[in-house]
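S.K.: Okay, predicted coordinates and the sequence, questions at the end:
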Amino acid sequence: MLKPIIQVTGLIIAITLVAKHLADFLGLVNIAMIFLLPVLFGSVKWGLKIGVFAALAGVLVFDFFFVPPVLTFTVYDLRYLISFGMFLLIAFMIGRLSTRLREQIESSRKREAQTSALYSLSREIAAVSELDVVLQNVVRKITEISEGQVAILLPDNNGILALKCCSNPGIDPFFDERERTVAAWVYEHKQIAGKGTDTHSGVTGTYIPLISEQGICGVIRIVLRNQERYLQPEHQRLLEAFAGLTALAVSRISLVETAREAKLLSESDKLRTALLNSISHDLRTPLASMIGAVTSLLEYNHLYDEASRIELLQSIQQGAMRMNRLVNNLLDMARLESGMLKLNKDWCAIEEIIGAATKRLGPIIKDRYIKIDYAQCIPLINVDFVLIEQVVVNLLDNALKYSSPESKIVMNVRTSDKEMKVAVHDWGYHIPVEDLERIFDKFYRVRAPRQISGTGLGLAISKGIIELHDGKIWAENCPDDSVSITFVLPLELNAPEISLNMGALNHGSNR
C-alpha cells in the first residue's frame, strides 16, 4: 500500500511543478482538470482507495498552490468550495469507473486463463490411458489455477476412499478424522461440502464429488490459499468444471480397462479352445498309430518278418517325434510369451545350423529333394544356435507339409554388409494375400485342399525367435509360383567369414 501512495504522490508533485510554471498559460480550470490524471492512474492501477487518496491530495495541492490566496488553505471565494466538491465527486466517479474497468479486465483475464486451463487439461488427458498420469496432470493444473493444495481420492477394492494423487506428496492431506468423515460424506451423498459451503464448513478443505454418467468415482479435495467464508460462484463453477473433467477421465480409463480385460478373457477363451482342439487332434493321431504298432508287435510279432517289424518301429518313432515336436512347440510358445526365453548367443555357421535342422527332420524328409543354395563367402552370425535351428526346422517342416511330395524345396542363403537373408521356397499352395501376415499368429492355419496336421504354432514361434534376435520374418507368393518364407538376421561388424567349396548342397534324391 505504501508504494502506490508514494508513486501517486510523486505524480502529483510533478504535475504541480509543471502547472506552476505554466499557470498563466493554462488557467485554473485546466490545472484542475490535469489533477484528475493521478486519480485516473491510481484507480486503474491500484483500485478505488488509491484513487480517493489521489483526489483528496489533488484538491489540497490545488487549493494550497493555485487558489488565491496561494500557499494557504484559506479560500476567499466560497464558490471554490463548490468547485472542490464537484472535483471530488468527479474524481470519485472516475475512480469508481476505473476500478470497475480494472476489475472487469482482471476478471476477463482470469476467465480466459481458466478456460485455457480447462482446454489444456482436456487435451492433456484425452489421449492418456494411464490413470496416474491423468491424475498428476489434473492436480498440477488445478494447483496452478487455484494456487492451493489439491488431492484426489478414489475408492479402493473395498470401496474406501484412499489418496491417489496430491500436490504435496510429502504432506498428509488429512489432518484428522473429521476430514476423512467429510470426504466419505461427499462420496456417499454426491454433494459438495467443506470450507466455503453450508455443509461441514468447519473443516480445512473443500470436497467436490467426481460424478460421471457411470456414477461417482471419487472425491477431489482443494485448500485455497486465500479462501473466504463462502466460495465465490465463479470459483465453485471452475472447481466443478475441473471435477467434471477429472471424473470423465477416470471413468474413461476405467471403461478402457474393463474393455481390455473383457478382450483378454475373450482371446484367452478362444486360445484355450483352439489349443484343446489342436492338441486333442494332434495327440490322438500319433498316439493311435503308436498304440496300434506296439500292439501288433506285442501280440502278433511272430506273424511279421524283419522288414515289417522295422516299418512298425519306424511308425512308432515318427509318432513319438511328432508328439515331441508338439510338446516342444507348446513349451517354446509359453517361454516366449512369459519372457523367460533367454538368448545364449555365440558365433555360429549357418550351414551347421541348417545341417543340424535337416538331420532332425531326417525321417520326415525321406526322399524329398531339398536344395540348399549358399553364397560363396558367408560370415559367421552371433545367434543362439539351438533357437535358430528350431526356426529352420519349423520352416522346412511347414514347406514339407504344404507342398506336394513330388515337388522340390529350395533354401537360399544370401548376405549383404549388414544382414543375412535365409529364404525357404516350396511349390505348394499359394497363401491368400489377406493371410500373409496372419500365418504368423498363434494357432492360425491356412486352409488347404487336403488335411494337414499341426497346431499352427511353428511360424508363430519362429517369428518370436527371429524378433528376439532383432531380425524380421515374412511370407510372400513369388513370381515363379513358389511360396517363400524369409527371415533376416543382422550381421555384426568384422564378423569372421567362411568359404564353401560348393555353391549348393542337395539333400534327398535328385528327381
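M.R.: Now that the structure is in, tell me what you want to look at. Numbering: from 1, shown residues only.
S.K.: The stretch 151-300 of the chain: helices as residue ranges?
M.R.: 177-189, 233-299 (DSSP state H, counting those that start in this stretch).
S.K.: One more: the stretch 351-500 of the chain?
M.R.: Counting by DSSP H, counting those that start in this stretch, the helices of the stretch 351-500 of the chain are 362-365, 385-401, 458-468.
S.K.: what is the mean pLDDT for the second one?
M.R.: Model confidence over helix 385-401 averages 87 on the pLDDT scale.
S.K.: thinking again about what came up before, just put the helices of the stretch 151-300 of the chain in a markdown table and tack on mean pLDDT and mean neighbour count.
M.R.: Every C-beta, even on glycine, is put in place using the N, C-alpha and C of the backbone. Converted to a markdown table, the helices of the stretch 151-300 of the chain look like this (pLDDT from 0 to 100; neighbours: other Cβ atoms under 10 Å):
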| stretch | mean pLDDT | mean neighbour count |
| --- | --- | --- |
| helix 177-189 | 85 | 17 |
| helix 233-299 | 73 | 15 |
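S.K.: Throw these into TSV and include distance to residue 149, thanks.
M.R.: Listed next are the helices of the stretch 151-300 of the chain as TSV, based on distance: least, Cβ to Cβ, whole Å:
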stretch	distance to residue 149
helix 177-189	12
helix 233-299	13
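S.K.: neighbours around residue 372, how many?
M.R.: 21 (other Cβ atoms under 10 Å).
S.K.: in the sheet, who's paired with it?
M.R.: Residue 372 has these beta-bridge partners by DSSP bridges: residue 411, residue 505.
S.K.: Can you tell me how far it is from residue 324?
M.R.: Remark: distance between residue 372 and residue 324 (Cβ to Cβ, to the nearest Å) = 24 Å.
S.K.: So which of the helices of the stretch 151-300 of the chain is nearest residue 158?
M.R.: helix 177-189 (12.7 Å; Cβ to Cβ).
S.K.: which other helices and strands contact the closest one?
M.R.: strand 149-155, strand 161-166, strand 193-194, strand 206-212, strand 215-223 (3 or more Cβ pairs under 8 Å, 6 or more residues apart in numbering; DSSP states H and E).
S.K.: Please repeat the previous calculation with a cut-off of 7 Å.
M.R.: strand 161-166, strand 193-194, strand 206-212, strand 215-223 (3 or more Cβ pairs under 7 Å, 6 or more residues apart in numbering; DSSP states H and E).
S.K.: need the ones you listed in a markdown table with distance to residue 469, mean neighbour count and mean pLDDT, can you?
M.R.: Shown next, in a markdown table, are the helices and strands packed on helix 177-189 (distance: least, Cβ to Cβ, whole Å; neighbours: other Cβ atoms under 10 Å; pLDDT from 0 to 100):
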| stretch | distance to residue 469 | mean neighbour count | mean pLDDT |
| --- | --- | --- | --- |
| strand 161-166 | 41 | 17 | 81 |
| strand 193-194 | 59 | 24 | 86 |
| strand 206-212 | 47 | 23 | 86 |
| strand 215-223 | 45 | 22 | 85 |
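S.K.: rewinding a little: can I get the helices of the stretch 351-500 of the chain in JSON lines with distance to residue 222 and mean neighbour count?
M.R.: What follows is the helices of the stretch 351-500 of the chain, written out as JSON lines (distance: least, Cβ to Cβ, whole Å; neighbours: other Cβ atoms under 10 Å):
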{"stretch": "helix 362-365", "distance to residue 222": "72", "mean neighbour count": "14"}
{"stretch": "helix 385-401", "distance to residue 222": "57", "mean neighbour count": "22"}
{"stretch": "helix 458-468", "distance to residue 222": "49", "mean neighbour count": "21"}
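S.K.: quick one on the thing from earlier: what's the closest of the helices and strands packed on helix 177-189 to residue 240?
M.R.: Going by Cβ to Cβ, the one of the helices and strands packed on helix 177-189 nearest residue 240 is strand 206-212, 6.3 Å.
S.K.: Who are the packing partners of that closest one?
M.R.: helix 177-189, strand 193-194, strand 215-223, helix 233-299.
S.K.: right, and these - which one's nearest residue 475?
M.R.: Taking these one by one with Cβ to Cβ, helix 233-299 is closest: 20.4 Å.
S.K.: on that earlier part again, now render the helices and strands packed on helix 177-189 as TSV, adding distance to residue 396.
M.R.: Listed next are these as TSV, based on distance: least, Cβ to Cβ, whole Å:
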stretch	distance to residue 396
strand 161-166	55
strand 193-194	72
strand 206-212	57
strand 215-223	56
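S.K.: closest one to residue 139 among those strands?
M.R.: Among these, strand 161-166 sits nearest to residue 139 (Cβ to Cβ), with 5.1 Å.
S.K.: Could you list every helix and strand in contact with the closest one?
M.R.: Packing partners of strand 161-166 (3+ Cβ pairs under 7 Å, 6+ apart): helix 131-146, strand 149-155, helix 177-189.
S.K.: Stretch 404-411: end-to-end distance?
M.R.: Stretch 404-411 stretches 17 Å from its first residue to its last (Cα to Cα, to the nearest Å).
S.K.: and what of stretch 168-185?
M.R.: End-to-end for stretch 168-185, by Cα to Cα: 24 Å.
S.K.: Next: stretch 159-176.
M.R.: For stretch 159-176, the end-to-end distance is 20 Å (Cα to Cα).
S.K.: quick one on the thing from earlier: could the helices and strands packed on strand 206-212 go into CSV alongside distance to residue 96?
M.R.: Putting these into CSV (distance: least, Cβ to Cβ, whole Å) gives the following:
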stretch, distance to residue 96
helix 177-189, 41
strand 193-194, 35
strand 215-223, 33
helix 233-299, 22
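S.K.: Out of these, flag the one nearest residue 486.
M.R.: So among the helices and strands packed on strand 206-212, helix 233-299 is nearest, using Cβ to Cβ, at 26.0 Å.
S.K.: just how off-centre is that closest one within its chain?
M.R.: 21 Å (Cα atoms, centre = their mean, to the nearest Å).
S.K.: tell me which residues of stretch 427-434 are tucked away?
M.R.: By 16 or more other Cβ atoms under 10 Å, the buried positions in stretch 427-434 come out as 427-429, 431.
S.K.: In strands, which of those residues appear?
M.R.: The subset of the buried residues of stretch 427-434 located in strands under the criterion DSSP state E is empty.
S.K.: Considering the residues you listed, which is situated nearest to residue 201?
M.R.: Each of the buried residues of stretch 427-434 was scored against residue 201 by Cβ to Cβ, and residue 431 proved nearest at 72.4 Å.
S.K.: Identify the residues contacting the closest one.
M.R.: Residues near residue 431 by Cβ atoms under 7 Å, 6 or more residues apart in numbering: 439, 446, 475, 477, 483.
S.K.: residue contacts, residue 477?
M.R.: By Cβ under 7 Å, 6+ apart, the neighbours of residue 477 are 430-431, 483.
S.K.: Test my guess that residue 294 contacts residue 317.
M.R.: No. Contact between residue 294 and residue 317 fails when scored by Cβ atoms under 7 Å: they sit 11.7 Å apart.
S.K.: Would you map out the domains in this structure?
M.R.: Using automatic domain parsing, the domain parsing of the chain gives 2-110, 128-258, 282-338, 346-507.
S.K.: now for these, which one comes closest to residue 119?
M.R.: Nearest to residue 119, of the domains of the chain and by Cβ to Cβ, is domain 128-258 at 10.1 Å.
S.K.: Specify the local secondary structure of residue 68.
M.R.: When classified by DSSP: H, G, I helix; E, B strand; the rest coil, residue 68 comes out as coil.
S.K.: I'd say it and residue 80 touch.
M.R.: No. Residue 68 lies out of contact with residue 80 (Cβ under 7 Å); the separation is 8.9 Å.
S.K.: Which one of those two is surrounded by more residues?
M.R.: Using other Cβ under 10 Å as the criterion, residue 68 and residue 80 rank with residue 80 on top: 17 against 11.
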